[in-house]
Structure formats: structure tokens, C-alpha cells
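*Asks:* pasting the sequence and the predicted coordinates here, then a few questions.
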Amino acid sequence: AQKVTQAQTEISVVEKEDVTLDCVYETRDTTYYLFWYKQPPSGELVFLIRRNSFDEQNEISGRYSWNFQKSTSSFNFTITASQVVDSAVYFCALSDSGSARQLTFGSGTQLTVLP
Amino acid sequence: ETGVTQSPTHLIKTRGQQVTLRCSSQSGHNTVSWYQQALGQGPQFIFQYYREEENGRGNFPPRFSGLQFPNYSSELNVNALELDDSALYLCASSLGARGLSYEQYFGPGTRLTVT
């Protein structure tokens, strides 16, 4: 069975601070995919990144960066110089190697960036 | 490029009734997945349709059923509604192919309230 744990339920930071959202996953598959999605108050899940299990290189996209560590089964997400518009619920998800590629989501982290 | 659309936006039903939710996939996508998101939780996989056939199912009872049409749009049907079915129902489309995992793009969701 697959599992994704986001231990941080809520995080509150002041604008321009850096913030890291933690994600720990469990899977028996050797091939799998990890994702981060953002869910603003409107409710629509916005795709941020996909990472496959063969690629442990960290990735940076503007103010966003991701740290994938297979040894600790973690896929953490850092926002640098946070902005009020970053306020949302962030979900980490895991896709299995089955044909359905269903996503198993964590419970989400509510990020509030205060002005 | 048209994104994923869902209808209706909101719906109120009475326990025991039946409901149909609709989803139009993003242009060029042939796979549709449905998720249920209860308040304060991460989305849970209901099922997926690939080229009009069910291609995987989560832990949901048979009263949750679906269809995919030749244009790859999809319906989610729920019979004998229960209070616990109250949730945000999310549709996601992707370009599916055997052996590959593509990122799923989500629609804005349908908020179902069962009274």
C-alpha cells in the first residue's frame, strides 16, 4: 500500500520568509512518481511538479525548489521569499506503477503568508 | 487550449437520491480520473477511464459508477446518496499511455452537499 504523509497541518509565515513543506512517502514500487499540487481557495488543484523515482536531482523553478531524497523517502518543497499569493493548501502526491497511475495524496499543508 | 471543465459547480441533494456529475477533459487528453475530497482532507481516487474503459478503481462502493464518451468527456454517477458523500468531486485529465505516467490536470470541482 502506498502512503503520503504531510506532518505539517498548518504553517504561517510573514511575507519574504522562506518556507519548506515536508513530504514523506511509502511505496513498495521501484518505479513511481511524485507530485506537488497547489489548491487555492477556489478549489482547483494546480499542478506544480512531477518527479520520477529515477531522477534525484533537485529542481528549481523561480522561487520554488524541490529536494528529492530517496534514502529518506522525502520530497520536500521550498518557497523562497514567500508572497501573500502563495497562501493555499499544498498537496504532495504519489503515483504508482500500475496502469491507472492513480494519485495517492497526503492530507495537505495549509500555508498562510501574512503581509 | 481549453482546460478541464466540470458541471455543475454546486449541487444539493437529499439522502437516497442519485446524482450525475460531468467533466470535459483538456484538449488532446484521453484519460479521465475522478477524485473525492472531503473537507480538510486530500483527494481520494475513485476511478479512472482510459479510452472509454474503466482503468482502475479505488476503494469506493459500486454505487459510484462512471462513463467516458468517445470525445473523452466523462460522467460520475452516485446512487443512493449518503450524508458522507458530501464532498468536492474533482475530475482530472491526462494523456495516458501504457507504461508511462503523465501529470494530471484538475478541473475546478463540483461541490456536492447531501442533506
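*Replies:* Good, I have the coordinates.
*Asks:* any idea which residue of chain A lies closest to chain B?
*Replies:* residue A:100 (2.4 Å; C-beta to the nearest C-beta). (Glycine included, C-beta is placed from N, CA and C.)
*Asks:* helix or strand right after the worst-scoring helix or strand of chain A on mean pLDDT?
*Replies:* Averaged element by element with mean pLDDT, DSSP states H and E, chain A has its least confident helix or strand at strand A:59-61 (a mean of 85). Following strand A:59-61 in sequence order, the next helix or strand is strand A:64-69 (DSSP states H and E).
*Asks:* now what about that following strand, what contacts it?
*Replies:* A:34, A:36, A:48-49, A:51, A:55-60, A:74-80 (C-beta atoms under 8 Å, 6 or more residues apart in numbering or on different chains).
*Asks:* what mean pLDDT would you report for that strand?
*Replies:* For strand A:64-69, the mean per-residue pLDDT is 93.
*Asks:* so which residues on chain A come close to chain B?
*Replies:* Residues of chain A lying close to chain B (C-beta under 8 Å from any C-beta of the partner chain) are A:4, A:33, A:35, A:37, A:42-47, A:50, A:52, A:91, A:93, A:95, A:98-108.
*Asks:* kindly recompute the last result at 10 Å.
*Replies:* Contact residues, chain A versus chain B (C-beta under 10 Å from any C-beta of the partner chain): A:4, A:6, A:9, A:31-33, A:35, A:37, A:39, A:42-50, A:52, A:89, A:91-93, A:95-108, A:110.
*Asks:* drop anything exposed from the residues you listed.
*Replies:* Taking 16 or more other C-beta atoms under 10 Å in any protein chain shown as the criterion, what is buried in the residues of chain A next to chain B is A:4, A:6, A:32-33, A:35, A:37, A:39, A:43-45, A:47-49, A:89, A:91-93, A:95-96, A:100-108.
*Asks:* please flag which of those sit within strands.
*Replies:* Judged by DSSP state E, the subset of these located in strands is A:4, A:33, A:35, A:37, A:39, A:47-49, A:89, A:91-93, A:95, A:103-105.
*Asks:* what's the farthest-apart pair in the residues you listed?
*Replies:* Greatest spatial distance among these (C-beta to C-beta): A:33 and A:89, at 20.6 Å.
*Asks:* so for chain B, the centremost residue is which one?
*Replies:* The centre of chain B sits closest to residue B:34, judged by C-alpha atoms, centre = their mean, with a distance of 2.8 Å.
*Asks:* contacting residues for that residue?
*Replies:* For residue B:34, the contacting residues are B:21, B:23, B:43-49, B:57-58, B:60, B:64, B:66, B:74-76, B:89-92, by C-beta atoms under 10 Å, 6 or more residues apart in numbering or on different chains.
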